[in-house]
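> below are the sequence and a predicted model for it; my questions follow.
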Amino acid sequence: MKSKAMTVNEKVKFLVDALDGDAEANNALSNSENSEAMLKILLEISSKMELGLSKDDFLKTAPIRDWLWWKNKDAPLTLGEGVLRYQQDKNSNNRRFIGMGALIILLFIVGMVAGF
């Protein structure tokens, strides 16, 4: 398929489909320190595939736009004992957890105050 005949959305879909199952690219993307590093990797992959996608194309087109936006975003609170997938980056300093026991106690207190 000729990339010049494809729309930007079709090119991004083609790239996302190519990334599906590519362990090396996925590891590089998940281990990138921030969205700029992630964008650089995506631009390199796009260039190798001769898709002609620009930084602006990535910033305006889902799902990559969303991946870049969520990179290194922190949830205000994490319920449970584990680390959420999007927070599994090595450099994440945010570790606010409420274990399930503490969550039950918190809900009980809120219920008592609210009169339930």
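Right, received. Where do you want to start?

> going by C-alpha atoms from here, please, whenever you check contacts or count neighbours.
Noted.

> where's the residue most central in space within the chain, which helix or strand?
Taking CA atoms, centre = their mean, the centroid of the chain lies closest to Trp67, which sits 4.0 Å from it. Using DSSP states H and E, Trp67 falls within helix 64-70.

> buried residues of that helix, list them for me.
By neighbour count on 16 or more other CA atoms under 10 Å, the buried set for helix 64-70 is Ile64, Arg65, Trp67, Leu68.

> elements contacting that helix?
If contacts are counted by 3 or more CA pairs under 8 Å, 6 or more residues apart in numbering; DSSP states H and E, helix 64-70 sits against helix 35-48, helix 55-60.

> starting at the chain centroid, how far to it?
Per CA atoms, centre = their mean, to the nearest Å, the displacement of helix 64-70 from the mean C-alpha position of its chain is 6 Å.

> need the per-residue pLDDT for Leu107.
What the model reports as pLDDT for Leu107 is 83.

> separation between it and Ala114?
Applying CA to CA, to the nearest Å, the value for Leu107 to Ala114 is 10 Å.

> of the two, give the one with the bigger neighbour count.
Leu107 (11 against 8; other CA atoms under 10 Å).

> which element is the more buried one on?
helix 100-114.

> just to check, Asn34 is in contact with Trp69?
No - assessed by CA atoms under 8 Å, Asn34 is found out of contact with Trp69, at 9.7 Å.

> thinking again about what came up before, of the buried residues of helix 64-70, just say which sits nearest to Ile45.
Of all the buried residues of helix 64-70, Ile45 sits closest to Ile64, with 13.0 Å by CA to CA.
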